[in-house]
Each structure stands twice: as C-alpha cells, then as structure tokens.
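# Provide a 3D model corresponding to the input given below.
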Amino acid sequence: MEKQNNYTLDLKSKIRRIPEFKGVVFWDITPLLKDKIRFKECIQLLADHYRKTPVDVVVSNEARGFIVGSALAYELGVGFVPIRKKGKLPYACIDLTYKKEYEYDCIEIHEDAIEQNQKVLLIDDLLATGGTIIANIKLVEKLGGKIAGIGFLIELDYLNGRKAIGEKYDVFSLIHYENTKHHQ
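This next block holds a predicted model:
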C-alpha cells in the first residue's frame, strides 16, 4: 500500500463522500475533476508512475474511468479503448456479466479493440470490491491483451478489492481510504 502524505490529504479534500447512494457510500470525484490544478496533478502523478512501464493502450470502464483513462492515455501518448455497458458500442463486441457492490452489470468491448499480446494499462476512478476491474481484466485477456498495470485514483482499502484482484497484477492507487470516514 502506498503511503499517505500531505499531498494525498489535499487531494482527498476534493473528494465528496455521499452516504447511502444505492445502499453504498459513494466517493464523488467531480469536485476533484472541476479543480483544474488538482485534476492535472492527478493525471501527472498517475503518468509519472507508469512512464517507465511499456504500455500500448489504456483501457477504461465507463463512466468516470473514461475521464481518468483518456486523459492518462493522452499524457502517455498511447491509444485509448473504452469498455462500456452492453448495447452502447456500435461494432461487434464481446461481453461479460458480473456482480457489482449493489447490482449486476454487463459490460462489453469491441472484439477488435485489443491486439494479441498488446500491453494494456487498465485505469479506473475507484477500486472498491474489485468486481468491475476483474471483469475488465477478463475481457482484455479474452482478447489476448497482456495487463501491464492497473491504476486507480482512489482505493477503498477497507473493501479489500486489491486482495480480490490478486498478486498477479501490479496495482497502484493514488489515494487511499482505510475506512468509510472522509478524512483518514
């Protein structure tokens, strides 16, 4: 686990905690995204972490993952591939149904989005229980992609998502919450 410092505490001040959104605590990143300086710094910090990692493409799940992933792909000078909810992509796709914290979801990716052995960096806004990112991993690997890294703006350590992902992958999170309280 990465260390918390004054910088990450400053970033945490830009994240809004919304209790009882669909039965879970929702960590809202929109205030962080609105702050042009903090948003840019988040993308820079993520990019700095991955600059020496060979990456061909960034893959992110909708919707907030798109925001972080596409900005990071731009910063790293690589392509971007979206994973979307079923029925949202216009071309032939493969899909996967999985359980989220509060419901089931079905996501899909274009069948030609990832080339065999392409190095993929998976990026999302938040790691909770790990269900969404595990589904993303399965889709990318089914297409023959190799996971070069998995990154998040926020990790909710108390939900053990990193443990669910397993030790096979390099996982990095910029901001950590050790419990459901906003500032820890």
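# in the sheet, who's paired with the residue nearest the centre of the chain?
By CA atoms, centre = their mean, the chain has its centre lying nearest to D124, at 1.2 Å. Counting by DSSP bridges, D124 forms beta bridges with F152.
# so it makes contact with T132?
Yes: assessed by CB atoms under 8 Å, D124 is found in contact with T132 at 6.7 Å. Where you see a C-beta, it was placed from the backbone N, CA and C, and this is true even at glycine.
# tell me, what's touching the two both at once?
Jointly contacting D124 and T132 under the rule CB atoms under 8 Å, 6 or more residues apart in numbering are N61.
# and the residue nearest to the centre of the chain, how far is that from D48?
Using CB to CB, to the nearest Å, D124 is found at 18 Å from D48.
# Now name the helix or strand holding I147.
Using DSSP states H and E, I147 sits within strand 146-156.
# which secondary structure elements does that strand contact?
helix 36-50, strand 119-127, helix 131-142, helix 161-165, strand 171-177 (3 or more CB pairs under 8 Å, 6 or more residues apart in numbering; DSSP states H and E).
# in which helix or strand would I find I67?
Going by DSSP H and E, I67 is part of helix 64-76.
# So for that helix, what gets flagged as buried?
R64, G65, F66, I67, V68, G69, S70, A71, L72, A73, E75, L76 (16 or more other CB atoms under 10 Å).
# I'd like those residues as TSV, with distance to C106 and pLDDT appended.
Shown next, in TSV, are those (distance: CB to CB, whole Å; pLDDT from 0 to 100):
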residue	distance to C106	pLDDT
R64	18	92
G65	16	94
F66	17	95
I67	22	97
V68	22	97
G69	20	98
S70	22	98
A71	26	98
L72	25	98
A73	24	98
E75	30	98
L76	29	98
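# Looking at those residues, spot the one nearest D95.
Nearest to D95 out of these is G65 (CB to CB; 16.9 Å).
# Distance check, the closest one against A71.
From G65 to A71 the distance is 11 Å (CB to CB).
# Alpha carbons of stretch 135-143, as PDB, please.
Output of stretch 135-143 as PDB, limited to C-alpha atoms (Å, rounded to 0.1, in the frame of the first residue of the first chain):
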ATOM      1  CA  ALA A 135     -14.500  -8.000 -15.300                       C
ATOM      2  CA  ASN A 136     -12.300  -5.600 -17.300                       C
ATOM      3  CA  ILE A 137      -9.300  -7.900 -16.800                       C
ATOM      4  CA  LYS A 138     -11.300 -10.900 -18.100                       C
ATOM      5  CA  LEU A 139     -12.400  -9.000 -21.200                       C
ATOM      6  CA  VAL A 140      -8.900  -7.700 -22.100                       C
ATOM      7  CA  GLU A 141      -7.300 -11.100 -21.500                       C
ATOM      8  CA  LYS A 142     -10.000 -12.900 -23.500                       C
ATOM      9  CA  LEU A 143      -8.900 -10.700 -26.500                       C
END
